[in-house]
Each structure stands twice: as structure tokens, then as C-alpha cells.
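Visitor: Please find the sequence and the predicted model below.
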Amino acid sequence: MPSRACLRGGSRREPAIASARHPAFPAGSPVGEGVARPSALRLASGRGRYTDDQTLPRMVHLAFVRSPMAHARIRGIDIAAALAFPGVVRVVTGADIATVCKPMQVTLAHLPQHVSAEQWPIAIAEIAFQGEPVAAVVARSRREAEDAAELVAVDWEELPAVVDPIAALAAGSPMVHSSLGSNLAFSARFENGEVDRAFAAAAAVVEHRFDFGRVACVALESRAIIADYDPTERSLLVRQSHQSPHLMQTMFARHLGLAEHRVRVIAGDVGGAFGSKLHVYGDEIATAAIAVLLGRPVKFTADRLEAFQSDAQAREFLATGRLAADRDGRILAIDVDLVSGIGGYSIYPRSSLGDGLQAATFLGAAYDIAAFRSQLRVAYQNKVPSGALRGVGQPISCSIVEQLIDLAAGALDIDPAEMRRRNYLRQGQFPATSKGGLKMTELSLVPCLDRILELMDYRCLRQQQSELREAGIHRGIGFATFLEQTAPGAGLYGPGGLPITSQDSCIIRFEPSGTVRCEIGCSDQGQGTLTGIAQIVAATLGIPLDDVAVSAGDSAGAQGGGAWASRGLAISGEAAHAAARQLRRNLLTVAAAVLQGNLEDLDIRDRLIVDVADGRERLSLARVCEIAYYCQDLLPPEVTPELSATSHFTPRTDPYFIANGIQACHLEIDAETGWIKLLDHWIVDDCGHVINPLLVDDQLRGGIVQGLGAALFERCVYDEQGQQLTATMADYLVPMAAEMPDITIAHVLTPQPGTALGIKGVGEAGTIGATAAVWCAVNDALRPFGVRVGRQPFSPEVILTALGVIPTPPVVDPVNPNDEEGDMQ
Amino acid sequence: MKAPNFAYLRATDLPGALAALDSYGTGARILAGGQSLMPALNFRLDVPEVLIDINGVAALTGIEIQGDVIRIGALTRHAELEASAVIAAEAPLLAAAVRHVAHPAIRNRGTIGGSLSLADPAAELPACMVALEAELVLASSAGSRTIGAAAFFRGLFETDRRPNEILVEVRVKRQTPNRRHGFAELSRRHGDFAVVGIACQADVADAKVAALRLVVFGSESFPRVASHAAAAAQGRVLSRALRDDIVAALLEDLDPSDNLQGGAATKRQWAQILAGRVVAQITAA
Ligand SMILES: Cc1cc2nc3c(=O)[nH]c(=O)nc-3n(C[C@H](O)[C@H](O)[C@H](O)COP(=O)(O)OP(=O)(O)OC[C@H]3O[C@@H](n4cnc5c(N)ncnc54)[C@H](O)[C@@H]3O)c2cc1C
């Protein structure tokens, strides 16, 4: 029991943000209000319309035959028995698909050294991971398709598999793709400054090894697609649970040889994605190809097992990090070696390099570090391909640097919070470019640190920690300063030659009654982004929030990138704001004509056209719309009522927006059992102006929980043959409510310069810092024992092994059979 | 994942259910709460011909005191066990354990008969039954028989139940003044199956242990009676030293298996730590 009660986030019941008024909007506008999103009620009432909820006339169902092995050659496929099964419409192989569809292969124009293999939507000759599709059964029902799928007989020639990324890069390793001649997908070295000299001169050098287990995205709704092809029009209509319907439109058109304007992709309600629904999957392309072959609607919904065997996984890294510091705790240099395993293919079309590139270049960007070196090697291995997952690489770089700082602070006997403060980039140093190349306009590192120390009552907590240690209670406190790259512009994918837009558009119009319909190029996978857009539009137009309906996710509608990289409000918000301003001007032009006045003298307030000067009511907004739609004859001929507007936005003056913040984790380790109990978690985040604090805080909380999950529970475990041992929700442990601590949230506000709204993204902040904070807290708790851990998740067995309670290393340790915590020092 | 086709029969009384069982033989499965059976079907781990739903068989429900035993019908839901005043007063070990079974939604449907028939090695209720020396009543169309819990659980998901039998009820001895209990388990997350757990009953007279029934589950392939631990405790005064001796003796009883949560050595450590905690509960009671 605590010997004293620290504040420990005593202010947690206060609203995280006291409705900071946005300077661009008048008082009383909905911007800055914690408006509950209407979609939450709809979804919680069971009225969501997810892809799998939809049934089309003549629709048939798909079940895939997936490879039971991780690496094998297909000698032959006998489909006769499956074809004869009652209810089966067709059995499709890779060769059948190839008659209507082009294969997938990643090429990055700006990184030509990235080698990748051709991947068929359904494998034709060879498979590279367990779960890769080898045939598809089309039947009247999914049940019948599954029954018949069991009857497809594949003549396999099993090939040797390689799962460990380091083993994959060793001489003599089995080749994942013999055509590539190597398992090295990519390598790069980033160096800036005199690294070796800095290490030689340092007062303290610390080193740590990091084993970040591969994790899964685990969206609540699994991937789902219904493809409907009309041969008479050569048109394809796709309903798909996806983050980026516009990308998919282009992809279906290119791979199936269709005209882009005859392909339409609609992403209705999407039940979570976290990055996993950003990619182009073979089974989804195959579904569309089969719709083309059959000329009728085809549905495929991945089940949970298929999700584990085919959804992009992420973040498999083995790293060794070193940090050099002087006697005062100034960081002189960091040097990090990273090896990453990306699975059987580089994921299409973005590639699987994002994780590694961001991990290797974002290292230590918040700190003023003189010398920097990182080495990245990316390996193919016989596992599920890896891809984007909330934070992309940043949780890795954050965990490595924050942990190294703690170790250096320990070695120099400096308080970890103070060590961070001494090394932060200072206010006068912005705009700044980190040694790894990250460009930052303006960060609020010190204010965030000050705020979190106050929130958590840091000094009291440290005092309590040392008192409790005397009593045999082992608590740890860990900090994680994090940066979050949000809202990237065209520089991210343009140079690679990828058809991925960073620009969102907004199409907006007044309806005849004076309400507003708005279509937006970002999409919503459960975040509530569309509510934020509605707030911006309503505030800009001077109408109630309820008068605005926002839609997204239809590739035939407003063009845009979709939902990824924390871009929703930062990019689409700007587009919506600009479009609404234009629409407001257009409406006031009509009003001015009706009133025979000046448009500058008029304003819209609460559904009324008023005089700017004294607020006097002149006309109702509804009346102006009525005239514009039905009574154009009342307007002078030179006034054409344009009650719609379109606007586009992508960051141009900055390559992306960097948000920042700090998190702290407080936990307790049971040294007898190895169990970890999370006690408290704090975050101070700076995402610029907050449009809706409820949405922002939910993003932070959800993100933190995901980061805590990776640190404490999650890992995709494969055996040496590449069989995935954690392919059910009983074996792959996601964090659940009972284990989660209270999360205290506070904000610091640094508006993003160069934009109208000053917004930075917020979707990944929680995840980036939470894992790192746990690394630091666990090793802080273990300090009195003189041991530390280096392997995620910090399961009870990992803790007991580090403590030496368990004499031998864990028996079930498929990734690194010889990796003991003892040699992590 | 969709289950393959199966037939479905809804029984309204026990003879009807037993007759159906006779006619389908090994192709039939009893459907109780369905919390384990339905996932198994959807995973296609089990492909029965017919499900015989016993949820409408009233004779299999209810918790009541009959003389010096409590009769618990096989269809008793975990949630009923949890809420029962009779169980709280007369079988407090069960009341303590059942809260660790899964989550409320699953406890609302899952049944004691299903849990015991399934014999998941990590399930709480089988271990409690062994610790409580409960008797299980199995019926077939030929009649019924009674078997002690320790003899019923034979291995990993393996029991003494014959394919033509239905588990109809459990009979547990009522609490006596000398009887104490302890329960502890470790699971990775609240509601998960136990990685290691211990259910324990002890008869204590004049501060001395007259009988200790300590049952280890989760780490073992079936509820393991710790006979060495029991022998170490026999006739001795409850004390810190006895606790250490029980914990030491327990090592002889354990035969843990490796899985993703931990290797055998780790599980031995956990079982010993839990045994110490459970004996402390009994000592303090
Ligand atoms: C997410 C999740 C977590 C869980 N966690 C736990 C946990 O922590 N601890 C725990 O103990 N359990 C746990 N369970 C299992 C749960 O308690 C089950 O309800 C229970 O094991 C089986 O009971 P049931 O009534 O649902 O049986 P069913 O699923 O209906 O049947 C299980 C098996 O027993 C047979 N059967 C059922 N009743 C009888 C009978 N009267 N006679 C003969 N055969 C019968 C069936 O034919 C079937 O083979 C969990 C389940 C889930 C889904």
C-alpha cells in the first residue's frame, strides 16, 4: 500500500481541454466543443452498414483455399471434387485469375534498390507464407464454399522456410523467392556527424538490445468486399471495407484493365483498420477478378483466422541501440542497428518499407543530438507480409531512444525527466531538421514535460517508489517523449511513383431548405472524423451542427486519400474549411443581390443573414436558398446562384505536420509471478488546435491502449516452419478493459503554422509513445534487481527469466531460441 | 468460419435426450450453453452429425440442498452458481472460483455440466469438484451411475463419460465448521483461462490439518491432486513453516506442460507461489 497518496492525475476529472476557443471562429461556434458523434449512436444501435451486412441479388460467396505451409511449390491442383459439391458455382485457380488480371509487384521509383517479387492474387506456382491463397471456391453460401474448399486437393512440394529475419539474411538461408537471389529486400545506412568520435569521447555509453515482436492490427470488423461486374458496361462496383477507396478504384482499374471512370469503390461503415485496410490484398483483387469472370456479385469476408493469416502484420524488429552522453547528460551520439522482417512479399502497392524507414530515420528527432547513425536491413521471410500499423515505425524509434536515455540517465545518476529536459530541442531552434532528416516546424517539448510532471505529481511518485521498494513492492515509472508525423504531403508517395494522393477535396452545397451536404476525401473507419468536418463546416457557415450532413468513402464522390497517417482533420479539415468559406461567399452573393446590398456587409449567423455591423436580421438563410433553387427569376440576370463549392488541400509549405507530446507510465511488477499491473498512464499531447476534444481524447486513449497491448500482451508467434501459433483471439492476446489503467490526458497548444485551422493530426500519438513508456517503466521497476528486459511483450515469463527466477530461458521461444535477457546488457 | 451442416434436435425431457443419444451414437453432441461447442464447430474442430439441445430439459436445472449435500443440476449456468446464496453459504470454494470463469456474457450461458463434460485442463470448476470430492451423476437409457470427481477426469479433455451418457447433476457435500477453502489463479487477462490455478479445501481441527485437498489446474493436463503436499500437511499445525513445506512438497506433484504462456519451469514457479498464497488464505481463515 502506498505510504503516501500522490496526486497521480488527481485532476483527471477535469475536462482535458477547457474548450479553447479557436481564433478562426466566433464564440459559440461548434468548433472546440466535445460534440458526441452522431455515428456512435447509430453504430451502437446496430444500424451500422458494414460491407458484410449487404446482400445483392444473385450474389455468390467465396472461400479461399489457403496454403497450410509457409513455403511450398504447387505441383498441381485437383478441383474436381470441390466442383462437384452441391452449391458450388465455380472453383478458380491462380491461372484462371491470370486470364483477366495483372499480378502485383512493388516498385518504388525513388528507392530502386528495393527488390520485390511478383505476387499473384491467387498463387500460381509457389507460395511464400502460410495462408497465401491457392484457389477460391465460389458457392451459393459461405458454408458451402468452405465445405467444398476442403475438397480442393493441392499437390504440394514443401520447401524449406525461414522465419527469423537475421537467419534469413545469413549466407545459406533458404530463399523466400529464388528469383530475387537474396532475402535482403532493402538496406540503408543513415549517418550524420562524427559518431565514432563521439562515442570515444563519451562519459557514458549505454547499449541495449531490443526484440520487438511482430504484431497484428486486429480490427473489429474483418476485411470484406463485394464486387459486382456488369459486362454490358464493363463497369465494376465494389463495396469494400477499406481505408482508401480512391486508391482501390485505381488499382482495380489497372489490374483488371478497366477504365477508371467505370470503376466505383464504396467504403461504407468501416469497423476499424489501424493500417491493415490500406493495402491491396490478393484475395480482394481476386474477388473482383472473379466477379469479372462470372458477371455477377461476389462476396468475400475474411474470418478471424484468415485475418491472422492474411492481414498485414507489422513491427517485427530486432535492434541494437547505443547512446553516448557527456558527464552532464548531454546526448553526444546515437547509433542504432535495425533488422526487420517483412514477410513473404513487400506489401502492394506502398511496400513494406515504411516501418523500417520511419524507425531508422525518426530516432531521437526530439533531441539535440550531434551525431547520428542508423543501419537498416529489411528481410523477406516466410511470414504474412507486413504493412502499416498505427504509428508506422515510430513506436520502434521512440522505444529505442527513450529506453537508451533512461539507461544513460541511470548510468550518470541523473533523473530521467531531467535528462530529457537537458536534451530537448529548444524553442529558438525551430524550424529544425533532425540528424535523421525529420523536419519540424515548432514543438512544445518543455511545456509538455512541465505539464506531465505536475499532472503525475512526479516528485511524490518517485519518493513513494523508493519507500515502497524498501517494502518489497516494485513499481516503475517510464517516460516517453514522442513525435508524431501527421498529414504527409505529396513527398511521401509521389517520388515513388505511386498512385496515392495526399490531397483531399471537399464538395459542399446548400440544399434548398438551407441545410448543407458535404462530401469529403478523407474517410472514417470509426474515429468520428466526419463529425469534426461537420463542426468546421457548421462553424464556417454560421449554421447549427445538425444542419450539416457529411459523407465520405465513395470513389465516385469527393476525391482524396482516405484515412491514414493521422491526416483526416489536418488535411480534409482544411479542404472543408476552404470549401465552406467559398460556399458562404457564394450564398452571400445571392443574398446581397436579393437585398440589393453589399456582400461584405452581410454575415450568416444561426441560420440568418444579418448585417455584419449590428447583427440585425435581414433574411433567413432558407429563403436565400429557396430563391437560389426555385426563383432564379427574382435575381438579376448577371447573378448565377452557385450554391455549391469545391476545394482541395494538401500540405505544401511543410512536407508534413509534426505533432509532439509526452507520456508516462506507472506500473507494478510482482517479482514472484512476473505479472505486471498497470497503475496509471498520463499523456500530454500537442496536436495544435483541437476541433473536438472528445474525438481527440478518444484517439489518444485508444492509441495508448494499442501501444500498451504491444508492450504487454501481443506477439504473432511462428514456429520454425513458419506456422503461426497465435492465429486465434484466444492465443493472440489483445489488451482488454480490465487490465487498462486510468489514462489522464492534458493538452498543450501549438498551432500548425501555414494553415487556416492550425490542426496537426492525433491518431497515432497514443500508440507511438505508450509502448516506449512501458519499456522505460518496466526496466525502471527492475533496476534494484540489476537486470533489464529487451523482449516484447513483457510477459510474466519474460520478467521471471530476467529476474533469474526461471533457471532456463523460456522453452517456447520460436523467434530467438537463444535470446536470453541476461546478455541484453 | 462456418460450421459444416449438422442436424439439430431439441430435447424436452431426459429420456428423450438419452434416446436420441442412443440412436446417433458417437455422431451426437449434447448442446448445453454452447460456449465451447459452438466455437469448436465453427473452427471445424468437431464435425458432429447432430446436436441434441438439452436446454429445454427442466430436470437438469436447479441448485438445492438435499440432506447433507447440495445438488447442482447440470444445466446450472455459471452466473446462477455465482449468484446463489446456497452456494455462497454451503460451497464457498465454488463461489470464489466461478467469478474467474470467463466473462459475464459467457457465464450467463455456460453451464456446470458443459464445463465438467468438456474437461478443459484450465477450467476452474473441474478442479473445484475434485477439491470438494464431488460426485457426478451420469445417466444413460440403461440407468444412472455416480462417480467421484477425481475418477471422472482422466486426461486432457478426457473424462469417464461414455458416449451414451449425459451428465445430469453434481452432488457436493455441504460446508462444515471445520472446513476451509482457498482459491487462486493466474491468467494473462481478466476472464482468460487460467495459466495456473489452485483450488483447495482443508479440514482443520484444533488448528491442525486433518485433510488437505489441494488441486492444481491449468498447468496440468487434468485437475491434479497434490498428494505429496497433502501428506506434508497431514496432522500438522497451520504455520508459516507448514506453508513452506507444502510449497516444497508440491514440486513432487507437478507435471506441467509447456505452452505459449510459459515453459514447465515457469509453471512450477507459478504453482508454488499460488500454493503459498492459497495456504495463507486457509491459515488466515
Ligand atoms: C471467451 C471464453 C472464455 C472462457 N473462459 C473460461 C474460463 O476462464 N474458465 C472456464 O472454466 N471456462 C471458460 N470458458 C468456457 C465456458 O465456461 C464454457 O461455457 C464451458 O466450458 C462449457 O459449458 P457450456 O455449457 O457452454 O457447454 P457446451 O459448449 O454446450 O458443451 C461443451 C461440451 O460438453 C458437452 N456437454 C455439455 N453438457 C453436457 C452434459 N450435461 N452431459 C454431457 N455432455 C455435455 C457438449 O457436448 C460439448 O462437447 C470460456 C469460454 C469462452 C468462449
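Guide: Nice, thanks for sending it over.

Visitor: okay, now A:V100: neighbour count?
Guide: Using other C-beta atoms under 10 Å in any protein chain shown, A:V100 has 16 neighbouring residues. Yep, even glycine has a C-beta here, placed from its N, CA and C like the rest.

Visitor: wait, I meant A:V612
Guide: A:V612, neighbours per other C-beta under 10 Å, totals 12.

Visitor: Looking at chain A, which helix is longest?
Guide: helix A:573-595 (DSSP state H).

Visitor: what are the pairing partners of whichever helix or strand comes after that helix, and which direction each?
Guide: Using DSSP states H and E, the helix or strand that directly follows helix A:573-595 along the chain is strand A:602-605. Here strand A:602-605 is paired, per DSSP bridges, with strand A:608-611 (antiparallel).

Visitor: Skip ahead from the strand it pairs with and say which helix or strand is next.
Guide: On the C-terminal side of strand A:608-611, the nearest following helix or strand under DSSP H and E is strand A:617-620.

Visitor: mind listing what's buried in the helix or strand just after that next one?
Guide: Sequence order places helix A:621-630 as the next helix or strand after strand A:617-620, per DSSP H and E. Neighbour-count burial for helix A:621-630 flags A:621-625, A:627-628 (criterion: 16 or more other C-beta atoms under 10 Å in any protein chain shown).

Visitor: what does stretch A:185-192 give?
Guide: Result for stretch A:185-192 [16+ other C-beta under 10 Å]: buried residues A:185-186, A:188, A:190, A:192.

Visitor: Identify the residues contacting the lowest-mean-pLDDT helix or strand in chain A?
Guide: Least confident helix or strand of chain A, by mean pLDDT, DSSP states H and E, is helix A:38-44 with a mean of 90. Here helix A:38-44 makes contact (C-beta atoms under 8 Å, 6 or more residues apart in numbering or on different chains) with A:48, A:269, A:524, A:526, A:528, A:530-531.

Visitor: near the ligand too, which of those?
Guide: With C-beta under 6 Å from any ligand atom as the criterion, these include none near the ligand.

Visitor: which of those residues are close to chain B?
Guide: Subset of these in contact with chain B: empty, counting by C-beta under 8 Å from any C-beta of the partner chain.

Visitor: could you redo these as CSV and give each row secondary structure?
Guide: Output for these, formatted as CSV (DSSP: H, G, I helix; E, B strand; the rest coil):
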residue, secondary structure
A:G48, coil
A:D269, strand
A:D524, coil
A:G526, coil
A:G528, coil
A:L530, helix
A:T531, helix
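
Visitor: Quick check: end-to-end length of stretch A:162-173?
Guide: One end of stretch A:162-173 sits 7 Å from the other (C-alpha to C-alpha, to the nearest Å).

Visitor: buried sites along that stretch?
Guide: A:162-169, A:173.

Visitor: Next step: these restricted to strands.
Guide: Among those, no residue falls in strands (DSSP state E).

Visitor: which of these sit farthest apart?
Guide: Spanning the widest gap among the buried residues of stretch A:162-173 are A:V163 and A:L169, at 12.5 Å by C-beta to C-beta.

Visitor: now, among the buried residues of stretch A:185-192, which is nearest to A:A480?
Guide: Using C-beta to C-beta, A:F190 comes nearest to A:A480 of the buried residues of stretch A:185-192, at 21.9 Å.

Visitor: Is A:A136 in contact with A:F64, as I believe?
Guide: Yes: the pair A:A136 and A:F64 qualifies as a contact (C-beta atoms under 8 Å) at a distance of 5.3 Å.
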